[in-house]
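>>> Quick one, what's the 3D model for this:
(2 chains, ligands or ions: 1)
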Amino acid sequence: MRRVAMVGAGMTQFGELFHLGIKDMLPMAVGEAVASVDKGFDRGDIGAAWFGELVSTDGFASGILADSCGLLDIPVSHLENACATGNDAVRHGVMAIASGMYDVVLVVGADKVRETSTRTTFWDWMGMTRDSAWDFPLGLVAPANFALHVNRYLHESPATREHMAMVAVKNHRHGVSNPKAQLRFEITIEQVLNAPMVVEPFGLFDCTPQSDGAAAVILVAEDVVDRYTDRPVWVRGVGLGVDRVMHAHKRDMTTFPPTVKAAKQAYAMAGVGPGDIDVAECHDCFTGVELINYEDLGFCERFGAHKLVEAGETSVGGRIPVNPSGGLKAKGHPPGATGVAQCVELFEQLRGDASNQVDGARVALAHNIGGPTAVSAVTILGTARGG
Amino acid sequence: MTRSNTTAGPDSMITAVGTYLPPWGAARRRTPGLDEDAVTLCVAAGLAALRSVDPADVGRVVLVSRDLPLIEGSNSAAVLAGLGLRADTEICEVIGGAPAVLDALTGAAPGTLVIGADTSPAGAAAAYCGTSGAALTASGRITRSMPVVTRDAFGRRADYADPRLVRVRGLGASLDQLDRSVPIAAAAGLAGRDAKSVCATEPRDLPTEGPSAALFALATLAELGRPAGQMQRLLAVEQATLGLADLGPGEINVQRDERAPRPVPSGTTAPGSEMSISLAAYERAFDAKLRLVAARCRRCGTLAYPHRYRCLGCGSEDPTDAVALPRDAEIYTLSTIHVPVPGLVSPYTIVVAELGDSGVRVTVRLTGAAAGSVGIGDRGRLVFRLVAVRSGVPDYGYAFLPDDDTEVTA
Ligand SMILES: [Zn+2]
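So this is what the prediction gives:
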């Protein structure tokens, strides 16, 4: 298996990009990734491309990426794996190079959530992700899927809504310096706790905003990396885990087994453990989910997540900074783009170029959970080539 | 056109009566929950009546209502499923009021379950006619026209608004044509004042005025402790159409599923697109969803709900056995949705509940209690409710009803 390096990364602004169509966002993200390659990049080098998008906007997804980005002479594939789409698209790009089939692969993720009215978005998106006869008619809206987990988690763990609020405050603070973030303002614990209730236990500031956005990374084989940069970021490990889809079939809802499975695979492939991670971008679609992630990713013991936020250990400057970009909470969450954008952030962190830099970051972890809560993808990046 | 019949019909034996009132609204004027319609009301009352009856003995079901949700189609299948009766049970839907219920009861063969349901005021009641209990004999009937209030197939209403005309030329003129030698013990289908004027003694208020009122009246008479050996006369009224029946001596098992009334919770409905439905998926799920039946693996015994091709426990893909699930439930986790959701009324609560000791969990909505009023570990039971109306199709299933110490009122 060949080693795989990331040599370029770029993304659009995240936000309600009413003025941009998917065909504008894709070439913008790809262009920024191409421009970030230190020694220059010829698009003709790309052997294949993967496009992660949850809901196709303006039609046939692969064709739109190929057409809008001038990739008409290579294979282009569309990939959808719920909210784990982004990191799973990266995983597919890694496999394509590791196998020896391609030397250079483009991985793009995007979604245009705000292309439709919030009224119709609701059921349009729900219909794809819920069992038609059983769960769909209950009104199990996206936050409710996670709320079922987090309420049980709050019941069993010492964590409280205040700890969830600490996550929101931290990620908003982190996002202020990120020019690509959707919500660049600080908030207080009181604001979080007093915000209107959306879906218990999530108030308005416990939830990710609805976002449009695109992100792209360029992956190359070890054999050719010197052509593009002298300071590559290595993709050390990838993993993908799944679980039963219906909540009624999940025995312990205080944890996300897909995350545990995906992380185990990625750690094993990278030859590192949770203690080696210097910085992480994890899936904080709702604040309480970030707490569960700490435990599933092994950053702390079971039901110990509240201590991490209390002590500020997951803030930039702490022992293991999580979501220095602002996370989904402040940076935004266009589902297909989210995982790829996490890798964009970590690419910059590992090269010392990030807007909210974690000093001395050498090993980094990106994580998605979705489906709802039935699929997770984890990517581990590092400055060292690895064994 | 008038028709009068004062000859006695054949006796039927009323064995058991069950009643159901939604918990919302005023004590004697209930409002159906958002997840209730005439079908779910019929099921609730029918199940109350059948508490002391072997369902295998039920050979025929008669639904009497003017509020059944579907003109074409599937009311009956949903009621049979909700009652846990076989799909080959004879069932008919009667559009009628309280007199039609008396007609269905008198002359009913043993094994007949007669259910009446009303949505305004809301309530339903059912009587099971068996081989024991108290005899019910028809003792008079008159069908006359006095359409002071009308409602067409599209629900358009018109009200002539002349109560004196109805009292004098409707009820009064019809009563004049019936045998009045026996005093009336209970009157169904009349507002309180009119009921008082025709009854020999102070009548009990009934919670409904349509078909179910005749059955509520029967329940009340059965509970009142009747003088031994004496029969009691029941009057059923709908506009100018009347029926009379005499209830003989004998014990009737009365089961009430009635909770203390509480204010109708306020909610907001978001405008926007409604839920769509896949009728193919609806049909595949129908029996499991409306009968609360799981599939048990023949190899390892694991229960799967809903039924599935491959066993959750051992991966067997062999045929499974259908197993009825327990209905007592405990909340494992829950969430209350406050944000407006197009087509639904917010707030609403969704719970994941564990059923008895079956190990099976279900994801269902909370019913019969205000959203957010329950917590993890709370106990209750699953009840038959309307989950949603999707593309015009009532989509029935089960909801979690928390235990409540106001459960039974006599
Ligand atoms: Zn099995």
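>>> and whatever residue of the stretch 251-387 of chain A ends up closest to the ion, how many neighbours does it have?
For the stretch 251-387 of chain A, the nearest residue to the ion under the criterion Cβ to the ion is A:R251, separated by 15.8 Å. Glycine gets a C-beta too; all of them are placed from N, C-alpha and C. For A:R251, the count of nearby residues is 11 (other Cβ atoms under 10 Å in any protein chain shown).
>>> Find me the pLDDT at it, would you?
Looking at A:R251, its pLDDT stands at 96.
>>> Over to A:F136?
If you check A:F136, the pLDDT there is 84.
>>> right, and it touches B:Y282 too?
No - under the criterion of Cβ atoms under 8 Å, A:F136 makes no contact with B:Y282, lying 10.9 Å away.
>>> Between the two, point out the one with more neighbours.
With neighbours defined as other Cβ under 10 Å, A:F136 and B:Y282 compare such that A:F136 has more, 24 against 19.
>>> Excluding chain neighbours, give the residue nearest to that one in space.
Counting by Cβ to Cβ, 6 or more residues apart in numbering or on different chains, A:R130 is the residue found nearest to A:F136 once chain neighbours are left out, at 4.0 Å.
>>> what's the neighbour count on the one you found?
Look at A:R130: counted by other Cβ under 10 Å, it has 22 neighbours.
>>> Quick check: it touching A:V141?
No - using Cβ under 8 Å, A:R130 is not in contact with A:V141; the gap is 9.6 Å.
>>> Residue 205: neighbouring residues, count only.
By default, I'm working from chain A. As a burial measure, A:F205 scores 24 neighbours (other Cβ under 10 Å).
>>> other chain: chain B
14.
>>> Am I right that it is in contact with B:G192?
Yes - taking Cβ under 8 Å as the definition, B:D205 is a contact partner of B:G192 at 5.9 Å.
>>> picking up where we left off before, tell me how far the residue of the stretch 251-387 of chain A closest to the ion lies from B:P271.
Applying Cβ to Cβ, to the nearest Å, the value for A:R251 to B:P271 is 39 Å.
>>> Please apply the same query to A:Y228.
When Cβ to Cβ is the yardstick, A:Y228 and B:P271 sit 53 Å from each other.
>>> same question, A:F202
Between A:F202 and B:P271 the distance, using Cβ to Cβ, works out to 23 Å.
>>> Comparing those two, which residue is more hemmed in?
Looking at A:F202 and B:P271 with other Cβ under 10 Å, you find the greater number of neighbours at A:F202, namely 28 against 8.
>>> residue contacts, the more buried one?
Residues counted as contacts of A:F202 (Cβ atoms under 8 Å, 6 or more residues apart in numbering or on different chains) are A:143, A:146-147, A:150, A:164, A:286-288.
>>> if we go to 6 Å?
The contact partners of A:F202, by Cβ atoms under 6 Å, 6 or more residues apart in numbering or on different chains, come to A:143, A:147, A:286.
>>> Turn those into JSON lines, columns for pLDDT and secondary structure.
Output for the contacts of A:F202, formatted as JSON lines (pLDDT from 0 to 100; DSSP: H, G, I helix; E, B strand; the rest coil):
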{"residue": "A:P143", "pLDDT": "92", "secondary structure": "helix"}
{"residue": "A:A147", "pLDDT": "98", "secondary structure": "helix"}
{"residue": "A:F286", "pLDDT": "97", "secondary structure": "strand"}
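>>> Report the closest residue of the stretch 1-150 of chain A relative to the ion.
In the stretch 1-150 of chain A, the residue found nearest to the ion is A:W134; the distance is 20.6 Å by Cβ to the ion.
>>> my bad, should have said the stretch 101-250 of chain A
Nearest residue of the stretch 101-250 of chain A to the ion: A:H249, at 13.7 Å (Cβ to the ion).
>>> Helices of the chain, start to end?
Chain wasn't specified; assuming chain A. For chain A, the helices defined by DSSP state H cover A:22-35, A:61-69, A:85-98, A:118-129, A:142-156, A:161-175, A:189-194, A:257-270, A:287-296, A:305-310, A:327-331, A:335-350.
>>> wrong one, chain B
With DSSP H as the definition, chain B shows helices at residue ranges B:38-49, B:75-83, B:98-105, B:163-165, B:173-176, B:192-198, B:211-223, B:279-291.
>>> quick one, which of these is nearest to the ion?
helix B:279-291 (17.3 Å).
>>> name the helices or strands packed onto that closest one?
When contacts are defined as 3 or more Cβ pairs under 6 Å, 6 or more residues apart in numbering or on different chains; DSSP states H and E, helix B:279-291 sits against none of the other helices and strands.
>>> Give me the mean pLDDT for it.
Averaging pLDDT along helix B:279-291 yields 95.
>>> cool, and stretch B:170-186?
For stretch B:170-186, mean pLDDT rounds to 91.
>>> Which positions within that stretch qualify as buried?
Applying a neighbour-count criterion of 16 or more other Cβ atoms under 10 Å in any protein chain shown, the buried positions in stretch B:170-186 are B:170-172, B:174-175, B:178, B:184-186.
>>> count of residues packed around the nearest residue to A:N368 once chain neighbours are set aside?
The spatially closest residue to A:N368, leaving aside those adjacent along the chain, is A:A84, at 4.1 Å (Cβ to Cβ, 6+ apart). Using other Cβ under 10 Å, A:A84 has 31 other residues around it.
>>> thinking A:A84 is in contact with A:G370, fair?
Yes - using Cβ atoms under 6 Å, A:A84 is in contact with A:G370, at 5.3 Å.
>>> Residue 194: what's it in contact with?
I went with chain A, as the question did not name one. Under the criterion of Cβ under 6 Å, 6+ apart, the contact list for A:N194 is empty.
>>> hmm, try it at 10 Å
A:165, A:188, A:203-205 (Cβ atoms under 10 Å, 6 or more residues apart in numbering or on different chains).
>>> Would you quantify the distance from it to A:G203?
A:N194 is 8 Å from A:G203, by Cβ to Cβ.
>>> Which residues are in contact with each of those two?
When contacts are counted by Cβ under 10 Å, 6+ apart, A:N194 and A:G203 have A:A165 as shared neighbours.
>>> tell me the contacts of A:V167?
Residues A:159, A:192, A:206, A:284, A:286-291, A:293-294, A:305-306, A:308-309, A:314, A:322-323, A:327, A:329 are the ones in contact with A:V167 under the rule Cβ under 10 Å, 6+ apart.
>>> Intersect the residues you listed with the contacts of the ion.
Contacts with the ion within those, as defined by Cβ under 5 Å from the ion: none are present.
>>> From those residues, keep the buried residues only.
Once neighbours are counted (16+ other Cβ under 10 Å), the buried part of the contacts of A:V167 comes down to A:159, A:192, A:206, A:284, A:286-291, A:293-294, A:305-306, A:308-309, A:314, A:322-323, A:327, A:329.
>>> Check what pLDDT residue 156 gets.
Just going to use chain A. Note on A:E156: pLDDT of 98.
>>> hm, I was asking about chain B
Reported pLDDT for B:R156: 91.
>>> And A:G371, by the same measure?
A:G371 is assigned 87 on the pLDDT scale.
>>> And it, how close does it get to B:A280?
According to Cβ to Cβ, A:G371 and B:A280 sit 24 Å apart.
>>> Among these two, which residue is more densely surrounded?
The residue with the greater number of neighbours, taking A:G371 and B:A280 and applying other Cβ under 10 Å, is A:G371; the counts read 20 against 10.
>>> Give me the below-cutoff pLDDT ranges for the stretch 151-300 of chain A.
When residues are selected by pLDDT under 70, none of them lie in the stretch 151-300 of chain A.
>>> ok, which residues in it are in contact with chain B?
By Cβ under 10 Å from any Cβ of the partner chain, the part of the stretch 151-300 of chain A that sits against chain B consists of A:151-156, A:196-204, A:207, A:244, A:246-251, A:253-254.
>>> are any of these buried, and which?
Of the members of those, the ones counted as buried by neighbours, 16+ other Cβ under 10 Å, are A:151-155, A:197-203, A:207, A:246-250, A:253-254.
>>> Having no further points to raise, I will conclude here.
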